[in-house]
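Student: dropping a prediction and its sequence here:
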Amino acid sequence: MELVLTSLLFFALVATAIAIALVRRLFAVVMLAGVFSLLAAMLFVLMDAVDVAFTEAAVGAGISTVLMLGTIALTARSEKQPASYSLVPLVIVVLTGLVLIYGTLDMPNFGSPDAPVQQHVGPDYIRKTPEDIHVPNVVTAVLASYRGYDTLGEVTVVFTAGLGVILLISGLGRRPRRRKREED
């Protein structure tokens with residue numbers, strides 16, 4: 001069942017990416033990009049990367065969507081038609097994709113207990129976490145205790161990005177100019 005759900009999410013991501021490339025209305029592109037980020041967050045949850053899913057949902061679907069909508073409010077509503085089309089970007093993307101696929105050929109199967117990542121510190125965390133930290137969930141213990149500073153840094157980045165969005169939306173940068181115009 002998990003494989004079916006993962007496959008459906010992956011194909012939904014591909015379909016959303018294709019739709020983003022084909023649509024000319026910028027509002028639709030922004031909404032599809034938000035959908036893409038939410039689908040990616042769901043895929044990360046299925047892969048047991050809850051911290052990455054949280055960051056993707058907050059930054060990718062939330063803050064980025066708000067920033068792009070604000071940008072659209074200040075610019076045109078649709079993309080201008082290009083004067084001519086070039087195959088160079090398509091060739092670069094295809095070559096990059098092929099190199100990335102080639103780079104994954106030596107990787108162990110996803111979730112394989114024989115993978116090097118499963119042989120190093122993972123078993124130690126699983127064995128020692130209940131004794132050291134007294135938290136039943138190993139992922140929570142690793143994020144909150146073992147990697148506490150890293151998690152604090154991630155939360156700080158998300159908070160700073162949110163604060164920046166609030167400042168941009170509030171028009172804080174435009175206020176002094178309005179006052180100067182009113183005084184003149």
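Tutor: Happy to help now that I have it.

Student: biggest helix in the protein by residues?
Tutor: What stands out as the longest helix in the chain, according to DSSP state H, is helix 148-170.

Student: and that one, which residues are buried?
Tutor: For helix 148-170, the neighbour count (16 or more other Cβ atoms under 10 Å) marks 154, 158, 161, 165 as buried. Just so you know, the C-beta spots here come from the backbone N, C-alpha and C atoms, and that holds for glycine as well.

Student: what's near enough to touch the first one?
Tutor: Under the criterion of Cβ atoms under 8 Å, 6 or more residues apart in numbering, the contact list for E154 reads 51, 55.

Student: now the last one
Tutor: Going by Cβ under 8 Å, 6+ apart, V165 touches 63, 66-67, 70.

Student: go through stretch 27-40 and flag the buried ones.
Tutor: 29-40.

Student: mind checking which of those residues land in helices?
Tutor: Using DSSP H, the buried residues of stretch 27-40 in helices are 29-40.

Student: closest to V59 among those residues?
Tutor: V59 lies nearest to S37 out of those, by Cβ to Cβ, at 8.1 Å.

Student: the closest one and A57 touch, don't they?
Tutor: Yes: S37 lies in contact with A57 (Cβ atoms under 8 Å); the separation is 6.9 Å.

Student: rewinding a little: Throw the buried residues of stretch 27-40 into TSV and include pLDDT and distance to P89, thanks.
Tutor: Listed next are the buried residues of stretch 27-40 as TSV, based on pLDDT from 0 to 100; distance: Cβ to Cβ, whole Å:
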residue	pLDDT	distance to P89
V29	91	17
V30	91	21
M31	93	23
L32	94	19
A33	93	18
G34	92	24
V35	94	23
F36	94	19
S37	93	23
L38	93	26
L39	94	24
A40	93	22
